[in-house]
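K.L.:
Let's see this in three dimensions:
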Amino acid sequence: MEASPPSTATTVRRLAAYLQPHWRAQAGAIAASLLAVSAEIPVPLLTKALVDDVAIAGKLELLPPVLAALGILAVLTAALSILSRYLFTRAGARAVNVLRAHLMRHLFRLPLTYFRRHRRGEIVTHFTSDAEAVLTAYQESYGQGIASAIQLVVVVAVIAIFDWRFGVAAAAIVPVYMLVPWMNRRHQARASRRMQDATGQLGGLATELVAGTRDLRAFNAEAWSLQRLRLGLRAMLRAGVYQGTVRGWSYALNAVFWLIHAGIFAVLADGIFQGTVTIGFALAMVGYFAWLDFSVFPLTIAYVELQNAVGAAGRLFGFIDTSGEPAADQASSELSVPRGEIEFRDVSVAFASGPNVLQGVSFTVPAGKLTALVGPTGAGKSTAVNALLGFVRPHEGSIAIDGRDISETGPTQVRRHVGVVFQDPALFTGSIGENISFGRDDIDLARIKESARIARAAEFIEELPGGYETSLGERGLGLSGGQVQRIAIARAIAPDPKILVLDEATSSLDAEAERDVMAAMSASMGGRTTIVIAHRLATVRRANEIVVLDAGRVVDRGRHDELYERCDLYRDLCDLQMVQPAAAP
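P.N.:
Coordinates of the predicted model:
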């Protein structure tokens, strides 16, 4: 079940939780900020000394030490500010890395139906633009906000020490400065969420268009695709203009700054003419009020950026809160598969509120035998396999392996004993050997080569310049469809699983290659429980048992010749493909 974004307060608490493990770095950053602010406090006083004591009173002997002090404080402030920024940046980067890893772990637990409802590009934006907004908040706004807040408190206190009246004025000014962003907070949150949503939609559309480039060009549909892209760009433009307009209100503070400074200048000028204020004191006070401005303005910008981060984080946490399958470490117990017998017991599966895709399906896949699932498109063949692998959950009935209900162990335990080849297998950037071993340390090079030999992939792999170290592009870029399929078959058998599932595993091969691979796979099936899903029925004629599915129900089951004689649906499917019963010996 998909979750709505949490409330702002909840989002902020959850964001803070990712920073909590890095409290030492944050404490160090805050300490460095305090020291940097402390180093800046004497600067206006030294400016006062330069004017009143050196320039006006003529005490030239004070010039070298005052200039030296200004230089030392400048270097010290810069060093401490850099250290503070580094510590905040490191803590933020580590926190976002943990958040991204959390996102990816959750992605692996989401049901397959989630990916049917959402574009890939939209999902990817959670890892890119949404996470970047949070990173900016952690590294820029959070650190800058704390530093500015510290500086704000210190400068008001210093001004009050010099003149309590100016201190009261400074303290009264701060709420005025913060009034605009506070009044604007709801609009800012709405603008941030609208911008993040538009970015996600545009990312999803762009990914879709890139993936379908061949089809678009083949049908001369470039203009149509560009029109769709323009619509997405217009939506993003509207969101950007709205966000920029909302942000613009923060810059209205400039007018407030100048009005306040004009009043301060007037009071100080009057004091100079009355002789109650020295020029140096006036310059020092102007410097402190300017420092006050420099503290407040970054604080308001940090507040705006934090609002953006809260909007992005709301999307992230909504994604994380979407229901998924239990984590691997939540399985109640280990699953032992000594034989590999699979039993479907009155299994029914439905997606969302739609009709049942499987309806009371019951059949047994004997241990060590080959069972084929056949039927027209939409009969429920792949859904049955997905239920076995835990990608979908039966709402009625159960599935057992060697008599053990797999719901008691969790899908991760089941997948450890199953090798799978899908109709459209995914290969990843990396070497061919890495794509076969899939990161399992117990699969060495010898096993990789043996698996490739069985899958009839060894010949073309060894002809490549890099052999098993040849780097592949995304989704096996550079290989033919048949080569990709054979590498996927090698990957499935490399861990020596007890159960093998072939979902249209030879669909990308020509007839000759298909015969070669099936002959090789026959040898690898010995002792394994094997489920084959195939539309090309010639590939399943020798199955120990064929289960015929239609509209989510088991219509019949038996061997090829038996079904051809008694099952009308199976016979029709065979006749369409010109598959005849085996000739009598």
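
K.L.:
what about the strands in this structure?
P.N.:
Chain-ordered strands for the chain, with DSSP state E as the definition, fall at 342-350, 356-365, 370-374, 396-401, 404-405, 418-421, 430-431, 471-472, 499-503, 529-533, 545-550, 553-558.

K.L.:
could the ones you listed go into JSON lines alongside mean neighbour count, mean pLDDT and distance to F317?
P.N.:
All C-beta spots, glycine's among them, are computed from the backbone N, C-alpha and C. Formatted as JSON lines, the strands of the chain follow (neighbours: other Cβ atoms under 10 Å; pLDDT from 0 to 100; distance: least, Cβ to Cβ, whole Å):
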{"stretch": "strand 342-350", "mean neighbour count": "19", "mean pLDDT": "91", "distance to F317": "28"}
{"stretch": "strand 356-365", "mean neighbour count": "20", "mean pLDDT": "90", "distance to F317": "31"}
{"stretch": "strand 370-374", "mean neighbour count": "24", "mean pLDDT": "91", "distance to F317": "39"}
{"stretch": "strand 396-401", "mean neighbour count": "18", "mean pLDDT": "91", "distance to F317": "32"}
{"stretch": "strand 404-405", "mean neighbour count": "14", "mean pLDDT": "88", "distance to F317": "33"}
{"stretch": "strand 418-421", "mean neighbour count": "23", "mean pLDDT": "88", "distance to F317": "32"}
{"stretch": "strand 430-431", "mean neighbour count": "16", "mean pLDDT": "84", "distance to F317": "32"}
{"stretch": "strand 471-472", "mean neighbour count": "16", "mean pLDDT": "82", "distance to F317": "35"}
{"stretch": "strand 499-503", "mean neighbour count": "23", "mean pLDDT": "88", "distance to F317": "34"}
{"stretch": "strand 529-533", "mean neighbour count": "24", "mean pLDDT": "90", "distance to F317": "38"}
{"stretch": "strand 545-550", "mean neighbour count": "22", "mean pLDDT": "92", "distance to F317": "40"}
{"stretch": "strand 553-558", "mean neighbour count": "18", "mean pLDDT": "92", "distance to F317": "41"}
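
K.L.:
Of all those strands, which one comes closest to G232?
P.N.:
Closest approach to G232 among the strands of the chain (Cβ to Cβ): strand 471-472, 31.2 Å.

K.L.:
That closest one pairs with which strands?
P.N.:
Using DSSP bridges, the strands paired with strand 471-472 are strand 430-431 (antiparallel).

K.L.:
who touches the partner strand?
P.N.:
By Cβ atoms under 8 Å, 6 or more residues apart in numbering, the list of residues contacting strand 430-431 from outside reads 466, 468-472.

K.L.:
returning to that earlier point: ok, which of the strands of the chain comes nearest A160?
P.N.:
strand 430-431 (63.3 Å).

K.L.:
picking up where we left off before, among the strands of the chain, which comes closest to F108?
P.N.:
Nearest to F108 among the strands of the chain is strand 418-421; the distance by Cβ to Cβ comes to 15.0 Å.

K.L.:
who's in contact with N544?
P.N.:
366, 369-371, 559.

K.L.:
mind pulling up the phi and psi values for it?
P.N.:
phi -60, psi -30 (degrees, to the nearest 10).

K.L.:
could you measure it against T371, distance?
P.N.:
6 Å (Cβ to Cβ, to the nearest Å).

K.L.:
now swap in F108 and tell me
P.N.:
28 Å.

K.L.:
same question, V357
P.N.:
From V357 to T371 the distance is 20 Å (Cβ to Cβ).

K.L.:
do the same with L549
P.N.:
In terms of Cβ to Cβ, L549 sits 12 Å off from T371.

K.L.:
what's the answer for F127, then?
P.N.:
40 Å.

K.L.:
again with L292
P.N.:
78 Å.

K.L.:
circling back: how about the contacts of N544 in JSON lines, adding distance to N97?
P.N.:
JSON lines is the format used below for the contacts of N544 (distance: Cβ to Cβ, whole Å):
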{"residue": "P366", "distance to N97": "48"}
{"residue": "K369", "distance to N97": "47"}
{"residue": "L370", "distance to N97": "46"}
{"residue": "T371", "distance to N97": "45"}
{"residue": "R559", "distance to N97": "55"}
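
K.L.:
Among those, find me the one that's closest to V156.
P.N.:
T371 (78.7 Å).

K.L.:
Show me what the closest one is bridged to.
P.N.:
Going by DSSP bridges, T371 forms beta bridges with I531, E545.

K.L.:
got the domain boundaries for this structure?
P.N.:
Domain assignment of the chain by automatic domain parsing yields the ranges 8-320, 332-417+500-509+529-585, 424-496.

K.L.:
and the longest one, average pLDDT?
P.N.:
Averaging pLDDT along domain 8-320 yields 79.

K.L.:
For T429, state which of the contacts of N544 is nearest.
P.N.:
Nearest to T429 among the contacts of N544, with distances taken as Cβ to Cβ, is L370, at 34.2 Å.

K.L.:
of all the contacts of strand 430-431, which comes closest to I260?
P.N.:
Among the contacts of strand 430-431, and counting by Cβ to Cβ, the member closest to I260 is S471, at 62.3 Å.

K.L.:
now that closest one, nearest residue through space, not along the chain?
P.N.:
Distances taken as Cβ to Cβ, 6 or more residues apart in numbering place S431 nearest to S471, at 5.8 Å, with adjacent residues excluded.

K.L.:
From I454, how far off is that neighbour?
P.N.:
S431 is 19 Å from I454, by Cβ to Cβ.

K.L.:
ok, V158 to A133 distance?
P.N.:
35 Å.

K.L.:
Those two - which one has more neighbours?
P.N.:
A133 (26 against 21; other Cβ atoms under 10 Å).

K.L.:
measure the more buried one to L299 for me?
P.N.:
19 Å.

K.L.:
do the same with I546
P.N.:
Using Cβ to Cβ, I546 is found at 72 Å from L299.

K.L.:
can I get the strands of the chain in JSON lines with distance to D321?
P.N.:
Output for these, formatted as JSON lines (distance: least, Cβ to Cβ, whole Å):
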{"stretch": "strand 342-350", "distance to D321": "23"}
{"stretch": "strand 356-365", "distance to D321": "26"}
{"stretch": "strand 370-374", "distance to D321": "35"}
{"stretch": "strand 396-401", "distance to D321": "27"}
{"stretch": "strand 404-405", "distance to D321": "28"}
{"stretch": "strand 418-421", "distance to D321": "29"}
{"stretch": "strand 430-431", "distance to D321": "32"}
{"stretch": "strand 471-472", "distance to D321": "35"}
{"stretch": "strand 499-503", "distance to D321": "31"}
{"stretch": "strand 529-533", "distance to D321": "34"}
{"stretch": "strand 545-550", "distance to D321": "35"}
{"stretch": "strand 553-558", "distance to D321": "36"}
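
K.L.:
looking at these, which is closest to D442?
P.N.:
Of all these, strand 418-421 comes closest under Cβ to Cβ, at 14.0 Å.

K.L.:
Extract the C-alpha set from that closest one and format it as CSV.
P.N.:
Output of strand 418-421 as CSV, limited to C-alpha atoms (Å, rounded to 0.1, in the frame of the first residue of the first chain):
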residue,chain,number,x,y,z
VAL,A,418,15.8,-20.8,-6.9
GLY,A,419,17.6,-19.9,-10.1
VAL,A,420,15.6,-17.7,-12.5
VAL,A,421,15.8,-16.7,-16.1
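
K.L.:
That one pairs with which strands, parallel or anti?
P.N.:
If you go by DSSP bridges, strand 418-421 pairs up with strand 499-503 (parallel).
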